[in-house]
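Asks: below are the sequence and a predicted model; questions follow.
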Amino acid sequence: MERAMLDVAAFGTLYDMYYEDIFRYCINRIRSRQITEDITGAIFLSASQNISKFRGKTRTEFLDWLLVIAEAKIKTFSKGRQFSEFSGSPGQDDLPDSAHKEKLRSKILASFNQPPPKEIRYKFFIIPVIILALGLSGLFSRYYLSGEIPGKSQLQPQKIIEINLPQPIEKTRLEKIKQLAAEKNVSELLNILRSDDLSARLLAAKFLAEITESNAADFLKLAITPLEPNNAGGTPQKTQDEKNRTIVIAAIDRKTKNPLSGVDLEFQIQNNLTKTQTGEDGQYILKMSGQMPDWFVLAARKPGYASMRFNRHRSAEREINLPEKIVFEMSQVIGIGGFVENKLREPIEDAEIRVYAGYGFDSNLPFVDAIETVRTDANGFWKCSLFPQDAYRATVVVRHTDYAENESSLAAVEQLKSFSHLTILEMGIDVLGTVTDTQNRPLPAVITKGSDSRRQSVNCDNAGKFQFDNVSAGTEMFVVQCKGFAPQIREVDIEPNMPSMVFALAPPGNIRARIVDVRNSPLKDVYVKLESWRDTNLVNFETYTDANGFFQWTDAPTDEAVFGFSKPGYVSIDDFEMKSENDYVISLLPAEANQTP
C-alpha cells in the first residue's frame, strides 16, 4: 500500500484488483449500467486524486475506503429520485465491461495524486455545520459539568458514587463514536449515519471524512439527511417494547427463486438454542415474546447449498431490531481451489485454508457462512467443495505454523473456480520478551498479541520469558496480565533483528462496586464484563456479583476502565466508567418501566 501511494503503476494494480468489486457493488444498488459506470469512474477518480491522503496500511483498509466513497457517491445520486428509476435484478448484461475498464484506466492513472480543483461553495456549507456541531457539543458539556447527573456531586466529598440509570446517553454515545474513529471502524460509523441523533451523525461524518480523506461535504450532507435504513422490503421494524413478535423465516433458491423445503434452521437467542426446518412452502414462523434479546443468531443449512447466517446484537449505539421477515437466498455450491507456495516457489504442505464468500456488502441481510476449513497436500494444492456458484466476492485466509500469517485478501473468483489461485507465504519474525515486577523478579504472566480472530496468547516460563514465532512485520498490540499485578498494554513495531521486549508490571489497583435494584436491595449474579481499557478491548476480565451484590477486580489497572453490567429482567448498562479505589453503588432498573415503584 505504501508503494501505491507513490507509484502510479502500483495504484493501477489496485485499480485492476478492485474495479469489478466496486462495479458490482454499485450495480446492485443502482441497477443501471450507464449510471454505474459513471459512478464507478467517479469513485476511482476521487481515490486516485486523493491517494496521498489515504492513511490505511492494508488492501482491506483500501477497499473499505473505496466503499465509503461509493456510499457517498450513490447517496448523492439517489437523492430526489424514485426507487423505481433504478430498481430491478442484475442480469448477464450487468457484468463489468472490460472495454469500459480499460478506457477508464487511462483517465484514472492520469489523475494520480492530482487533487481536484477546490469548490468554494463547500466552504460556505462546512462552516455553519461545524458551528452547529460545536454548539451541540458545548450545550452538552455545560449540562454534564453542571452536576445535574444523579450522584455526581457525591464523588469528591464522600468517595461514594450513587448511580441511578438510565443516565443521559449523549456523552457515552459521543465517546463511543470517538472510539470507533480511533479504531477506523468505517462500517459502524456508516451505521451511525442512519441514526436519529443529529449530533451523533455530524460527529460520525466528521470522523469518516478524516479517516478516508474524502470530500467532507459529501459526508456532511449525509449527516444532515440521514441514510435510509437498509430495509429494501419496506418492512416495519419491531420495537423493544413490543411484547409479542412473529417473524417469517423463508428460504429460496437464489437463482430460481423457488422455495426450499427441509432447510435446517438453528436459532440462538440469548443462551437458548433451537433447531427446526422450513416447511413445504420454504418457510418457518418464529414467535417471540417478552423483552427484545441482546443478541440473535440464525443459521440456515441445506446439503448442496452454501450455509448462511443472520446476526443481530445490541450495541452501545443502537438497540436490536428484528425485521418481520428474514429471507435466505441460498446458492448451490461448486468446487474451488488453488496453491500455496513460499517465496522460492516451493509448495507448502499442511497449510490451513479458510475461504469466505459473499454477494455484496449489505450488513442487514443474511450472509454466506464461512466455508469449511481445508489443508494443502504435498503439492501445496487445496480444494473445497462448498463455494456458492454465483458469489462474486471471496476472501482467502492462509495459515501455517512455519510462516507468517498472510493478510486476509480478496481473491479473484475466476482464479478460484479454475483452481489456479496462488498464495505466497513469507517467513515471519520471532518476537522474544521477558516479564518481571518492578524489582526485576520474573513473573508467570500471560501475554496476548493481536485482536479478534488474530489474537494469540502465550505463557511465560519460570524465568519470565516468552516467545511468539513467525510474527508478520508491522505494528502489533501486546497485553500482559498476571495475578497480583496491574495489566500493561504496549504497541510494538515488529521488524527484523528487533531487541527482546521487557515488561515490568506495577502493583494493581482495585475496582469494586455494589449493584442494587431500585429498592437498594443487592442483586446477585449480575454479569460484569470489562468492555475497554485505554481504548482497546484486549484485556480480559469478567465475573458475577455475589449474594451481597458485590464484585471487585483486584488485578485492575490504576486508571479508568469501562464496564458493562447485565442481568435478565433488568436494563443492561454499557460504557460505564470506573476507577480504582472508588466505592461505587450502581442501580439497575427493571426491564419494564411499570415495575418501578
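Replies: Here it is on my side, so go on.
Asks: and this structure, what are its domains?
Replies: Here the domain parsing of the chain from automatic domain parsing is 8-110, 120-224, 244-330, 333-425, 429-502, 509-595.
Asks: same list, the ones you listed, but as JSON lines with mean pLDDT please.
Replies: Output for the domains of the chain, formatted as JSON lines (pLDDT from 0 to 100):
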{"stretch": "domain 8-110", "mean pLDDT": "75"}
{"stretch": "domain 120-224", "mean pLDDT": "55"}
{"stretch": "domain 244-330", "mean pLDDT": "85"}
{"stretch": "domain 333-425", "mean pLDDT": "85"}
{"stretch": "domain 429-502", "mean pLDDT": "91"}
{"stretch": "domain 509-595", "mean pLDDT": "88"}
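Asks: reformat the ones you listed as TSV; add mean neighbour count.
Replies: Bear in mind the C-beta positions are built from the backbone N, C-alpha and C, glycine included. Shown next, in TSV, are the domains of the chain (neighbours: other CB atoms under 10 Å):
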stretch	mean neighbour count
domain 8-110	17
domain 120-224	16
domain 244-330	16
domain 333-425	17
domain 429-502	15
domain 509-595	17
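Asks: next, the distance between the ends of stretch 255-267.
Replies: Terminal residues of stretch 255-267 are spaced 25 Å apart (CA to CA, to the nearest Å).
Asks: begin at 11 from here
Replies: Yep, numbering from 11; the last one is stretch 265-277 now.
Asks: now that stretch, how far from the centre of its chain.
Replies: Chain-centre distance of stretch 265-277: 28 Å, with CA atoms, centre = their mean, to the nearest Å.
Asks: wouldn't Ala260 be in contact with Gly292 here?
Replies: Yes - taking CB atoms under 8 Å as the definition, Ala260 is a contact partner of Gly292 at 5.8 Å.
Asks: now do the shared contacts for these two.
Replies: Counting by CB atoms under 8 Å, 6 or more residues apart in numbering, the residues touching both Ala260 and Gly292 are Pro269.
Asks: what residues are bridge-paired with Asp263?
Replies: Under DSSP bridges, the beta-bridge partners of Asp263 are Met340.
Asks: what's the answer for Ala309, then?
Replies: Ala309 has these beta-bridge partners by DSSP bridges: Glu276, Arg319.
Asks: confirm for me that Phe306 is in contact with Ile279.
Replies: Yes - under the criterion of CB under 8 Å, Phe306 makes contact with Ile279 at 5.5 Å.
Asks: now do the shared contacts for these two.
Replies: By CB under 8 Å, 6+ apart, no residue touches both Phe306 and Ile279.
Asks: let me know the secondary structure of the spatially closest residue to Ala80 that is not a sequence neighbour.
Replies: The spatially closest residue to Ala80, leaving aside those adjacent along the chain, is Ile53, at 5.2 Å (CB to CB, 6 or more residues apart in numbering). Secondary structure assignment for Ile53 (DSSP: H, G, I helix; E, B strand; the rest coil): helix.
Asks: isn't Ile53 right up against Ile32?
Replies: Yes - when contacts are counted by CB under 8 Å, Ile53 is listed as touching Ile32 (5.8 Å).
Asks: between those two, which contacts overlap?
Replies: Residues touching both Ile53 and Ile32 (CB under 8 Å, 6+ apart): 76, 80.
Asks: ok, which stretches of the stretch 11-160 of the chain are helices?
Replies: With DSSP state H, counting those that start in this stretch, the ranges of helices along the stretch 11-160 of the chain come out as 18-40, 43-59, 69-88, 108-120, 130-155.
Asks: to Pro398, which of these lies closest?
Replies: Among these, the nearest to Pro398 by CB to CB is helix 18-40 (14.3 Å).
Asks: okay, angle between the closest one and helix 69-88 too, please.
Replies: If you take axes from the mean of the first three to the mean of the last three CA atoms, to 10 degrees, helix 18-40 sits at 50 degrees to helix 69-88.
Asks: need the CA coordinates for helix 18-40. PDB is fine.
Replies: The C-alpha trace of helix 18-40 is given here as PDB (Å, rounded to 0.1, in the frame of the first residue of the first chain):
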ATOM      1  CA  VAL A  18       1.100   5.200 -10.400                       C
ATOM      2  CA  ALA A  19       1.800   1.700 -11.600                       C
ATOM      3  CA  ALA A  20       1.200   0.200  -8.200                       C
ATOM      4  CA  PHE A  21      -2.100   2.200  -7.900                       C
ATOM      5  CA  GLY A  22      -3.000   0.800 -11.300                       C
ATOM      6  CA  THR A  23      -2.600  -2.700  -9.900                       C
ATOM      7  CA  LEU A  24      -5.100  -1.800  -7.100                       C
ATOM      8  CA  TYR A  25      -7.500  -0.400  -9.700                       C
ATOM      9  CA  ASP A  26      -7.300  -3.700 -11.700                       C
ATOM     10  CA  MET A  27      -7.800  -5.700  -8.500                       C
ATOM     11  CA  TYR A  28     -10.900  -3.800  -7.200                       C
ATOM     12  CA  TYR A  29     -12.700  -2.500 -10.300                       C
ATOM     13  CA  GLU A  30     -15.000  -5.500 -10.600                       C
ATOM     14  CA  ASP A  31     -15.900  -5.400  -6.900                       C
ATOM     15  CA  ILE A  32     -16.800  -1.700  -6.900                       C
ATOM     16  CA  PHE A  33     -18.700  -2.000 -10.200                       C
ATOM     17  CA  ARG A  34     -20.800  -4.900  -8.800                       C
ATOM     18  CA  TYR A  35     -21.400  -3.100  -5.500                       C
ATOM     19  CA  CYS A  36     -22.800  -0.100  -7.500                       C
ATOM     20  CA  ILE A  37     -24.800  -2.100 -10.000                       C
ATOM     21  CA  ASN A  38     -26.500  -3.900  -7.100                       C
ATOM     22  CA  ARG A  39     -27.600  -0.600  -5.700                       C
ATOM     23  CA  ILE A  40     -28.300   1.400  -8.800                       C
END
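Asks: since that was my last question, I'll sign off now.
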